[in-house]
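**Q** below are the sequence and a predicted model for it; my questions follow.
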Amino acid sequence: AAASIAQVHAAMTSDDPPRRVAVKILRPGIEAQFQRDFEAFRLAAKLGEHFSAEARRLRLRTLVETLAASVALELDLRMEAEAASELAQNTRDDDQFRVPALDWSRTAARVFTSEWVDGVVLRDPETLAGAGHDPARIAVAVLRSFLAQALRGGFFHADMHPGNLFVDEQGRVCAVDFGIMGRLEAPMRRFMAETLAGFLARDYMRVAQVHFDYGFVPKSHNVPTFAQGLRAVGEPIFGLTARDVSMARLLEQLFETTRRFDMQLQP
């Protein structure tokens, strides 16, 4: 597997008997390349906030520094190993999700080694079904696992796209690539849970009130009008399948709503 920061290779250990492992290695010179990129990002964000009120609302400089901190963790594969270890401990009682076992003796700043995962990648529902797995059950397992990680534990895999998820022979979802992780403090977990529950119940007044309670919408606006804006976002997508929802249109509408109600970006 190849990505922008690193490549992953299959290998055999020198143990007796040997074990098959996955070895992730940073690309040569990637640190210097990111340093140059972030110098450009910082300059663009500084200029943007100087000349544009919209850029200040979106907190571009704070966003760039948030990204820089995230990338710094990604560029030290020992931190990725620690993240995988912490997530494995947090999910040890989850019988539908697992983390590959780490090989600490073969892990360093630029090299990360874990057990090799034999399984079916989640990209294609037909392939999953052909391997004897129920795609609908797998989808529910992925969703439940993510919500449990984010809202119960506050530490979650933040890059759970289909290429990073496999289904093993026991039908468990197995995640790989722990470079991008997320942490949520208890108040933010409560806010997200309240927001999600409110949207699912189509209780837009409740969702609006939560945003005001946490200070995400300035007091110069009122709750009922904000609830009306949230209804305009939520109602058109209820009852649609994922493939029928235009993410571009949805994100555009969300950005318009945040602009209309003077909401600052939450990096």
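**A** All right, it came through fine. Numbers count the residues shown, from 1 in each chain.

**Q** other residues contacting stretch 226-246?
**A** 199, 202, 204-205, 207-208, 211-212, 217, 250, 253-254, 257, 260-261 (CB atoms under 8 Å, 6 or more residues apart in numbering). Where C-beta positions appear, they are placed from N, C-alpha and C, glycine not excepted.

**Q** got the buried residues for stretch 158-168?
**A** For stretch 158-168, burial by neighbour count (16 or more other CB atoms under 10 Å) applies to 158-160, 164-167.

**Q** I misspoke; the intended subject was stretch 27-43.
**A** Quick answer for stretch 27-43 (16+ other CB under 10 Å): 30, 34, 38, 41.

**Q** ok, and the closest non-adjacent residue to the first one?
**A** In this case it means Ile30. Ile5 (5.8 Å; CB to CB, 6 or more residues apart in numbering).

**Q** pull the number of nearby residues for that neighbour.
**A** By other CB atoms under 10 Å, the residues close to Ile5 number 17.

**Q** was I right about it contacting Pro28?
**A** No - the criterion here is CB atoms under 8 Å, and Ile5 misses it with Pro28 at 11.5 Å.

**Q** output the below-cut-off pLDDT ranges for the chain.
**A** Scanning the chain for pLDDT under 70 picks out nothing.

**Q** centroid-nearest residue for it?
**A** By CA atoms, centre = their mean, the chain has its centre lying nearest to Ala158, at 2.2 Å.

**Q** my read: Glu185 touches Gly154, true?
**A** Yes - using CB under 8 Å, Glu185 makes contact with Gly154 at a distance of 6.8 Å.

**Q** between those two, which is the more surrounded one?
**A** The residue with more neighbours, out of Glu185 and Gly154, is Gly154; 15 against 9, by other CB under 10 Å.

**Q** for that one, which non-adjacent residue is spatially closest?
**A** Counting by CB to CB, 6+ apart, Leu184 is the residue found nearest to Gly154 once chain neighbours are left out, at 4.6 Å.

**Q** where do the strands sit along the chain?
**A** 6-12, 20-26, 97-98, 111-115, 120-121, 155-157, 165-167, 173-175, 181-183 (DSSP state E).

**Q** now the ones you listed in JSON lines, with distance to Arg137?
**A** Listed next are these as JSON lines, based on distance: least, CB to CB, whole Å:
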{"stretch": "strand 6-12", "distance to Arg137": "28"}
{"stretch": "strand 20-26", "distance to Arg137": "26"}
{"stretch": "strand 97-98", "distance to Arg137": "13"}
{"stretch": "strand 111-115", "distance to Arg137": "24"}
{"stretch": "strand 120-121", "distance to Arg137": "13"}
{"stretch": "strand 155-157", "distance to Arg137": "19"}
{"stretch": "strand 165-167", "distance to Arg137": "10"}
{"stretch": "strand 173-175", "distance to Arg137": "10"}
{"stretch": "strand 181-183", "distance to Arg137": "25"}
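
**Q** relative to Phe112, how far out is the nearest residue to Leu73 once chain neighbours are set aside?
**A** Nearest residue to Leu73, sequence neighbours excluded (CB to CB, 6+ apart): Met79, at 4.7 Å. Met79 sits 10 Å away from Phe112, going by CB to CB, to the nearest Å.
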